[in-house]
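Chemist: any chance you could fold what I've pasted below:
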Amino acid sequence: MIFFTSSLRRLVTTSAVAISVVFGTAMAASAQTVTLNGAGATFPEPLYQRYAAEFAKQNPNIKVNYQGIGSSGGIKQFTAGTVDFGGSDAAMTDAQIAAVSKGVILVPTAGGAVSVIFNVPGVEKLKLSRYTLPLIFTGQIKRWNDAKLVRDNPGVNLPDLPIRLAVRADGSGTTFIFTNHLSAIDPSFRKLVGPGQAPKWVASPLKGKGNAGVAGVVKQTAGAIGYVEYSYAKNGNLETALLQNKKGQYVTPELSNANKALATFKFPENFRVFEGDPTDGYPIVGLTWLLVSKDYDAAKAPAIKKFIQWALTSGQKINGSLEYTQIPEAVAKRVIQVVNSSVK
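Modeler: Got it, this is the predicted structure:
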């Protein structure tokens, strides 16, 4: 009987220790894992998803989630504090920055071209001048065989087909990049529509949510023309127009031409850039930013710093493979210094 009691005590003690070790290990693992949730622009969504996957391989205790909901949504959620970081293709305005109670740092992560995509039966190559593109998106050119478009495209058989505009249904940084360019090159467009994430279009366009939504609308609609980030056009096998740049050259939105444009950008101390008409390369190119708070808890502050440093160093090597431009190294170093010194 004494032997049985002693054995039972040893069994209970051993089991208790084992449970304590397992429970303690699980709690420690849980405590060490930090999750950073972000939301915003769809323009860089493919890139940020790749960032998150690659970063996790090297930093298994930091999980990064990103949801593409549009730049306006990203700014709103970040300002409300419902996400740890936001994403926007439009640099925040002074008023938007002032509304963020914990402060904000705009972290440029990539650049990219906004492609003008079209679906015109029988037409595979289309040129659009600095004169005709704004006229199309203000509804002043209504048919594909308009004499102005014919002059842009000698030898191309443009059909007698109505032009159907396709734009974003949601507030969008891609829309800002696009309308910012058209406003920069055409005073009439600036007056009628103007630059913005959700402008009031003069015509009655078709609408799609996100870059993917606009790409889908154009692909399914004969006579449609719209705008999307270049990777959506390329991956969707959509026809893209050659646009006339400031030098008068007709250029494609491929990466090399986007890089030429980005090389002309000047980055101020706050890293906000509103360039609408670069002097070289593809004319509709913009940046995308992560919106980072200056105030996190003790676990998330070092995690966000680590992620930003990785994104602006190792992560930049991924950009080109997904058709995004890299941030100039000197600029990236400045951004990392600001984040490391300002995030608490």
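Chemist: going forward, measure contacts and count neighbours with C-alpha atoms only.
Modeler: Will do.
Chemist: secondary structure element for the residue nearest to residue 206 when sequence neighbours are not counted?
Modeler: Nearest non-adjacent residue to residue 206, counting by CA to CA, 6 or more residues apart in numbering: residue 166, 4.6 Å away. Taking DSSP states H and E as the definition, residue 166 sits inside strand 164-168.
Chemist: how far off centre is the helix or strand following that strand?
Modeler: For strand 164-168, the following helix or strand on the C-terminal side (DSSP H and E) is helix 173-185. Relative to its parent chain, helix 173-185 has a centroid offset of 15 Å by CA atoms, centre = their mean, to the nearest Å.
Chemist: export helix 173-185 to PDB, keeping only CA atoms.
Modeler: Extracted in PDB, the C-alpha atoms of helix 173-185 (Å, rounded to 0.1, in the frame of the first residue of the first chain):
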ATOM      1  CA  GLY A 173      -3.900  56.100 -54.600                       C
ATOM      2  CA  THR A 174      -3.700  54.700 -58.100                       C
ATOM      3  CA  THR A 175      -6.400  57.100 -59.100                       C
ATOM      4  CA  PHE A 176      -4.500  59.900 -57.400                       C
ATOM      5  CA  ILE A 177      -1.300  59.100 -59.400                       C
ATOM      6  CA  PHE A 178      -3.400  59.000 -62.600                       C
ATOM      7  CA  THR A 179      -5.400  62.100 -62.100                       C
ATOM      8  CA  ASN A 180      -2.400  64.000 -60.700                       C
ATOM      9  CA  HIS A 181      -0.600  63.400 -64.000                       C
ATOM     10  CA  LEU A 182      -3.600  64.400 -66.100                       C
ATOM     11  CA  SER A 183      -4.000  67.500 -64.000                       C
ATOM     12  CA  ALA A 184      -0.300  68.400 -64.400                       C
ATOM     13  CA  ILE A 185      -0.500  68.200 -68.200                       C
END
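Chemist: tell me which residues in that helix are buried?
Modeler: By neighbour count on 16 or more other CA atoms under 10 Å, the buried set for helix 173-185 is 173-183, 185.
Chemist: quick one, longest strand in this structure?
Modeler: strand 104-119 (DSSP state E).
Chemist: quick one: average pLDDT of whichever helix or strand comes after that one?
Modeler: Sequence order places strand 127-128 as the next helix or strand after strand 104-119, per DSSP H and E. Mean pLDDT, computed over strand 127-128, is 98.
Chemist: what strands flank strand 127-128, and is each parallel or antiparallel?
Modeler: strand 242-244 (parallel) (DSSP bridges).
Chemist: need the residues that contact the partner strand.
Modeler: If you take CA atoms under 8 Å, 6 or more residues apart in numbering as the criterion, strand 242-244 is touched by 125-130, 249-253, 282-283.
Chemist: now do that strand, average pLDDT.
Modeler: On average, strand 242-244 scores 98.
Chemist: repeat that for stretch 296-309.
Modeler: 97.
Chemist: repeat for stretch 197-213
Modeler: 94.
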